[in-house]
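1. sequence first, predicted coordinates after that:
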Protein chains: 2
Amino acid sequence: MSKVRIGIIGVGTMGSAHAVYLQANEIKGAELTAVLEIQEEKKDWIKENLNGVILFTDEESFFQSDEIDAVLIATPHYDHPRLAIKAFKYGKHVLCEKPAGVYTKQVREMNEAAKENDLVFSMMYNQRTNPLYAKLRDLIQSGELGEIKRINWIITNWYRSQSYYDSGGWRATWEGEGGGVLINQCPHQLDLWQWLTGMMPTRVRAFCYFGKHRNIEVEDDVTAFAEYENGATGVFITSTGEAPGTNRLEISGDRGKIVVEDGKMTFWRNRISEPEFNKQYKGGFGSPECWKCEIPIQGEETGHKGITQNFVDAILTGTSLLAPGTEGINGLLLSNAMQLSTWRDDWVNFPLDEELYFQELQDRIQNSTVKKENKSITLNVQGTH
Amino acid sequence: MSKVRIGIIGVGTMGSAHAVYLQANEIKGAELTAVLEIQEEKKDWIKENLNGVILFTDEESFFQSDEIDAVLIATPHYDHPRLAIKAFKYGKHVLCEKPAGVYTKQVREMNEAAKENDLVFSMMYNQRTNPLYAKLRDLIQSGELGEIKRINWIITNWYRSQSYYDSGGWRATWEGEGGGVLINQCPHQLDLWQWLTGMMPTRVRAFCYFGKHRNIEVEDDVTAFAEYENGATGVFITSTGEAPGTNRLEISGDRGKIVVEDGKMTFWRNRISEPEFNKQYKGGFGSPECWKCEIPIQGEETGHKGITQNFVDAILTGTSLLAPGTEGINGLLLSNAMQLSTWRDDWVNFPLDEELYFQELQDRIQNSTVKKENKSITLNVQGTH
């Protein structure tokens, strides 16, 4: 294969953004050959902007087409696993938008299907291309920060107005999205939370608020507390109702503390590790000698295009994936656990009771009183992540 | 009265620091006339440094002395309420070191005793003299920040080595202190947490770890979550086991966000309030226009001396107290609630069940296995708060 022929499923807010750079030939070795879009009102935009690209309105025909080697799934979340499983069945490589799905039971099936073939399967975790986080992962995984003690992420810069929520019938409903800020805005941070440290919690106690800031039924404000096997703890705070928000990640370890904020990384590094200092020190109020280090960040954030290029390279040349598709379940486990902890008003232990989560979600879908008009507006995503 | 004659009770780590500036006549209108100290090994220091000051070793004689108008209580925490109540009985004004006591049941009795006379009663909340916090309180109370949405305090810069804990027999035991980082290091921040906003939570869910970082029986690591009547939430994170720690206070409101860190205050101020923006805005991803404002901080932090001067001025001229003694109970209610929530592994609602807290604390005192040598070392407090 010298060129990967890509078909995009869903030309909404994200799908259209992917279509534009693919159509402009900004991904080496890739060609946008088809889109699958069932909504009538998207047709004009597609005709105008995707000259030469086949528009499918029927799912079967799309998957049966031999003009497509790989699919990019950019539909509402619930359909991600089903479409990925179908794509594998038809021998197509899969690049899936975040989140991997809505409930992990379904995502586990997708991961099983992925294992049964040697097709390339990637998640659109474009924040993994951010050199800040790549560097942070490097400092943690190489042991520079030592044993992790605490992870604090305040990620409240997801301001969304009521008009945003009113822009799509599926938005912010149990039936349409299966959640709010955790499932729509935070999948990147929830992925990074575990990818950076390589640690998943042993249990979570979370406090989600549903429709606190906006007239929606899903969570728009979350504080979650996590415990890890090594004794570390973590706090994850997010909201769509605060302006201006904050994006500040602080990770403490034996060797010091790293803070990522405003696109910069600062490492307060202990000259000797804290446990070593504690062992040696015989005085009253002393603490380890500490150096404030500005960490150089090299490389550029290649974002969505970077992940798509990596996916195409993996198909053509066997390059390692930056965001293997099967890792999509981890961030979703965190999200599911945070909602479940709130619903049960209790701790949620890992491994997560996926059946219980699924049942609780079904209850909320069935008891939903939201009657939204099924209108759909494609939003300009400039400035979002 | 032209001069307030002060007697200090307890010449340990803090008491000796107060004695030094009083003896140097750094408080206008005050004179250090007496100290009460029962420990033999403090005698030499007192003789050497407090020339002309009467040393009492018997509590009754101290209180009966007519050389004392006011007492400064700087003993281990448990004795604060008992000694304050006794001082009121003997007609002495009271300046009490933090915390107000160990359990609120006892502090409530102290507050009752204070109300029955018109003696001056102040808490040593020296952080209230910090112009940063005075300014922050002003911005909140005057409505500049609008309705409060969230309060996040990461106050982990309380690093304490094992040798610190080993320096006093009463330190970090249920019997000696009744707690750890909440009762010893954090009373100022717990006081400010409610003083700045004027809000106490409706309920608290906290995660304390006991002897996690050090060989002690009390809490040395805490994450607490709080809910407020107006819908606001708060997170309070503290630890004595991290190096270097953080002291970052972030408060979000309708009109923006204020961050206090590194001795600076930044106010991200929305041009129009967030709820107003939300009402008017009809687009997708917009948010209120926001101005980053550096807030000028004027005045100096007068610290312990500032509070002692304010106490003396209140006695001599009726000046208003910056830290009225009866307010000492508020921070302690937060601390007690955080421990109780952990012990019960559940929410703790306000008003606090003070009897239940007291019983739970007694259980821990009775079941303590700590056998510390009763050694006592006076530590140099330079650099502490």
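-> On my side now, so go ahead.
2. against chain B, how distant is A:Tyr133?
-> 20 Å (CB to the nearest CB, to the nearest Å). No exception for glycine: its C-beta is placed from N, CA and C like everyone else's.
3. my read is that that residue contacts A:Tyr125, right?
-> No: between A:Tyr133 and A:Tyr125 there is no contact under CB atoms under 8 Å: 10.0 Å.
4. joint contacts of those two?
-> A:Trp195 (CB atoms under 8 Å, 6 or more residues apart in numbering or on different chains).
5. these two: who's more crowded?
-> Shown here are A:Tyr133 and A:Tyr125; by other CB atoms under 10 Å in any protein chain shown, A:Tyr125 has more neighbours (25 against 22).
6. hmm, who's touching stretch A:169-186?
-> A:76-78, A:99, A:102-103, A:155, A:158, A:160, A:164-165, A:168, A:190, A:208, A:210, A:214, A:216-222, A:238-240, A:335, A:338-339, A:361, A:364-365, A:368, A:370, A:372-376.
7. give me the beta-bridge partners of A:Val35?
-> Using DSSP bridges, the beta-bridge partners of A:Val35 come out as A:Ile8, A:Leu55.
8. so what's the residue count around it?
-> 28.
9. how about it, what does it touch?
-> Neighbour list for A:Val35: A:Gly7, A:Ile8, A:Ile9, A:Val11, A:Gly15, A:Ala19, A:Ile46, A:Leu50, A:Val53, A:Ile54, A:Leu55, A:Phe56 [criterion: CB under 8 Å, 6+ apart].
10. at 7 Å instead, please
-> A:Gly7, A:Ile8, A:Val11, A:Ala19, A:Ile46, A:Leu50, A:Val53, A:Leu55, A:Phe56 (CB atoms under 7 Å, 6 or more residues apart in numbering or on different chains).
11. do the same with A:Asn111
-> Going by CB under 7 Å, 6+ apart, A:Asn111 touches A:Thr326, A:Ile329.
12. roughly how far apart are it and chain B?
-> Relative to chain B, A:Asn111 is positioned 32 Å away (CB to the nearest CB).
13. so where's chain A uncertain?
-> Along chain A, segments meeting pLDDT under 70 span A:371-385.
14. domain map for it?
-> A:4-125+A:302-325, A:128-299+A:331-366 (automatic domain parsing).
15. right, so of those, which gets closest to B:Gly286?
-> For the domains of chain A, the distance to B:Gly286 is smallest for domain A:128-299+A:331-366, at 6.5 Å, taking CB to CB.
16. which strand or helix spans A:Asp220?
-> strand A:219-227 (DSSP states H and E).
17. burial count for whichever residue of the stretch 1-150 of chain A sits closest to chain B?
-> Residue nearest to chain B within the stretch 1-150 of chain A: A:Lys149 (5.9 Å; CB to the nearest CB). By other CB under 10 Å, 26 other residues sit near A:Lys149.
18. mind checking the SS state of the residue lying closest to it once chain neighbours are set aside?
-> Spatial nearest neighbour of A:Lys149, excluding adjacent residues (CB to CB, 6 or more residues apart in numbering or on different chains): A:Ser252 at 4.6 Å. The three-state label given to A:Ser252 by DSSP: H, G, I helix; E, B strand; the rest coil is strand.
19. quick check: A:Ser252 vs A:Gln194, distance?
-> 17 Å (CB to CB, to the nearest Å).
20. quick one: which of these two has more around it?
-> Neighbours per residue (other CB under 10 Å) separate A:Ser252 from A:Gln194, with A:Ser252 holding more: 29 against 19.
21. fine, thanks again, bye for now.
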